[in-house]
Each structure stands twice: as C-alpha cells, then as structure tokens.
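Chemist: sequence unavailable; structure follows:
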C-alpha cells in the first residue's frame, strides 16, 4: 500500500471452495485489527445452507452481528453455471428470494454489497432486478464491465437503479481496439459518480500473477489503464480519477467500525486448519495448472512458502 500510495484498502473475505467452504473472514478481520485506520473489512455470507428454512433471515442476523463486530460491507460471489465462482453460491441467482432478507439487512445497516457478477449479461440483469427490489441496499457489481460487453448495457442498468454501482476490476477495452477505448472512456466520463476502484487478486495466498490472465489487473497495470495514454489507456481526467479512487467508496462506506477480533478468531483458526491440511494433501490441478500460452510455464496456484509464512503469523494471533 505504501509503495503504491494507497491510503486505505478494502479487504474482502473469499470463500475457498476446495477447503470445505472456509473463508478468509478471520484473516481479513485480523488485518483490520492490526491496521484499523487503513483496512476496510468486508465479510461474506455462507450460502451452503440456502435450502434450509429461514436461511435468509438467519444470515441477515449474522450480517448484523458481523457489522457490530467490525465488518463494513459484504462480499458475495455470483456467476453463471460453469464459471469457477458458481460453486460459491450453490447455484443461487442474485435475485433469488432467499437472498433478499440479506440485502435488506445491508440496506438497514447502510453497508454496501460487493457482488462478483462478471461480464455475464444474465447475471448482471439478475443483480439489477435485486437492486430494484431492495432500493435501500447499495450494490457494487464486480467485473461487470469488460471488453465483449457493450457499455450501453451496463449504462442502462445504472440509469434504472440509482443504488447500483460497478467496480473497475476488469479492463474496459483491448489495447488494439480503438473503438472500445473511445467507448470505455465515454462510459467513465458519463458515470464517474457510480464507479469505484478495484483490482483482481493483489494480496492473498495466491502467488502474484498465478492466474496468468492479462485481465487480472494489479495496481500498476490498473493505474496505467486509467491514467495512461498508451496501450489502451483511457487518459481519464483528475476529477474522474478522484471520484473512482476515493470519493465514491468513502461516501458508500459510511461508518468506520472498530473490529473486535475475538469474535472472528474461530474463523481464522478454521482457515489455518484448512491451509495446514492443504499443505499435507495438495489437490491436483490446484497446485499445478496448464502451461501459460504466453510463456509456456506451468502456473503454480498456491505457493507453500507463502502459506507457511502466513500460518506462522496467524498462529501467533490465535494463541494471543
């Protein structure tokens, strides 16, 4: 954060499907505990019990509890069937009626919902429908704008739903497609009040760059995309950048809750146990992937040395 002049960052809880649906909630809570003025902690919702009676009401109550203990937003993962993230929502649609009590709770608490929806028009349409049904809730669509998806489609959803925002965690134009660059720049200028800055994985147990996709932006590449003039850069004006980088998210976050780490310590312990088990029993296909077509190198999805470093740190705080 210091290296890239980042004053504050949102840390989100990622459900880790191959670890029995443990989440990083305890780790992100610890991050805020250690850096209370710089980390904004987003919790998540456990959708494994979506078929049980009163699922929505039960998880809404847990959202209230998480916020009382320091969460300032909720991260959810939705995707079309076949997408790697689809397993994290048990096949639920964004506008499934079982999710509505959770969205309504977030509206009551004045905390935003950050939802992974990708560039799938059907999933984005579901999100727009949920935004219509829960006007008090603030929805931020992650990865909702990228090449191959018409800017006009997303712009129409924004016009229809004043409580809908998008994040900028996917590239908006391919460097070799000048018409896409023009359209993307116009979109940012027209909707500067409704866009928040984001990146795909920057800090996690994944080896940096492991995903091997050019669309998985990191901080330097992201800044070049929005501020630069070359290689598809949008050359956005300072007032638009200021809104996207800080003003919009600061307005949406609202209260600044202190975190009570004791409440989330069990989550961290479960996460540690899952990572320990992973090191003992690596999962084929997650340890080594297919060769990157650009480099020919095999991608390593999880780096044992980085996991061990994190585990040593986390165990100390579990024991404290």
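Modeler: Nice, I can see it. If you're wondering where the values come from, they're calculated on a predicted model, not measured in any experiment. Numbers count the residues shown, from 1 in each chain.

Chemist: show me the helices in the stretch 1-150 of the chain, by range?
Modeler: Here the stretch 1-150 of the chain has its helices, by DSSP state H, counting those that start in this stretch, at 25-34, 55-68, 100-109, 121-133.

Chemist: between these, which gets nearest to residue 78?
Modeler: helix 121-133 (5.7 Å; CB to CB). All C-beta spots, glycine's among them, are computed from the backbone N, C-alpha and C.

Chemist: how about that closest one: buried residues?
Modeler: 121, 123-131 (16 or more other CB atoms under 10 Å).

Chemist: next SSE downstream of the helix or strand of the chain with the lowest mean pLDDT?
Modeler: The weakest-scoring helix or strand in the chain, judged by mean pLDDT, DSSP states H and E, is strand 298-300 (a mean of 44). Beyond strand 298-300 on the C-terminal side, the first helix or strand identified by DSSP states H and E is helix 304-319.

Chemist: what angle sits between that following helix and helix 25-34?
Modeler: 70 degrees (axes from the mean of the first three to the mean of the last three CA atoms, to 10 degrees).

Chemist: in terms of secondary structure, what does the helix ranked longest in the chain contact?
Modeler: For the chain, the helix that runs over the most residues, judged by DSSP state H, is helix 261-280. Applying 3 or more CB pairs under 8 Å, 6 or more residues apart in numbering; DSSP states H and E, one finds that helix 261-280 contacts strand 22-23, helix 25-34, helix 304-319.

Chemist: coming back round to it: make CSV out of the helices of the stretch 1-150 of the chain and add mean pLDDT and distance to residue 115.
Modeler: Formatted as CSV, the helices of the stretch 1-150 of the chain follow (pLDDT from 0 to 100; distance: least, CB to CB, whole Å):
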stretch, mean pLDDT, distance to residue 115
helix 25-34, 95, 17
helix 55-68, 96, 14
helix 100-109, 97, 10
helix 121-133, 93, 6
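
Chemist: between those helices, which gets nearest to residue 190?
Modeler: It's helix 121-133; of the helices of the stretch 1-150 of the chain, that one is closest to residue 190 (CB to CB) at 17.6 Å.

Chemist: for that closest one, packing partners?
Modeler: Packed next to helix 121-133, using 3+ CB pairs under 8 Å, 6+ apart, are helix 100-109, strand 138-142, helix 151-160, strand 164-167.

Chemist: change it to 10 Å
Modeler: helix 100-109, strand 112-116, strand 138-142, helix 151-160, strand 164-167 (3 or more CB pairs under 10 Å, 6 or more residues apart in numbering; DSSP states H and E).

Chemist: distance from that helix to the middle of the chain?
Modeler: Distance, stretch centre to chain centre, for helix 121-133: 17 Å (CA atoms, centre = their mean, to the nearest Å).

Chemist: one more: stretch 186-206?
Modeler: 10 Å.

Chemist: helices of the stretch 151-300 of the chain, start to end?
Modeler: For the stretch 151-300 of the chain, the helices defined by DSSP H, counting those that start in this stretch occupy 151-160, 178-190, 219-227, 238-242, 248-253, 261-280.

Chemist: list the contacts for residue 108?
Modeler: Contact analysis of residue 108 by CB atoms under 10 Å, 6 or more residues apart in numbering lists 60, 63-64, 67, 136-137.

Chemist: picking up where we left off before, same list, the helices of the stretch 151-300 of the chain, but as CSV with mean neighbour count, distance to residue 8 and mean pLDDT please.
Modeler: Converted to CSV, these look like this (neighbours: other CB atoms under 10 Å; distance: least, CB to CB, whole Å; pLDDT from 0 to 100):
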stretch, mean neighbour count, distance to residue 8, mean pLDDT
helix 151-160, 16, 25, 92
helix 178-190, 17, 22, 91
helix 219-227, 17, 14, 85
helix 238-242, 14, 14, 97
helix 248-253, 17, 8, 94
helix 261-280, 17, 19, 92
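
Chemist: those: which one's closest to residue 37?
Modeler: Nearest to residue 37, of all the helices of the stretch 151-300 of the chain, is helix 248-253, at 13.0 Å by CB to CB.

Chemist: other SSEs contacting the closest one?
Modeler: Looks like helix 248-253 contacts strand 39-44, strand 73-77, strand 112-116, strand 138-142, strand 164-167, strand 195-196 (3+ CB pairs under 10 Å, 6+ apart).
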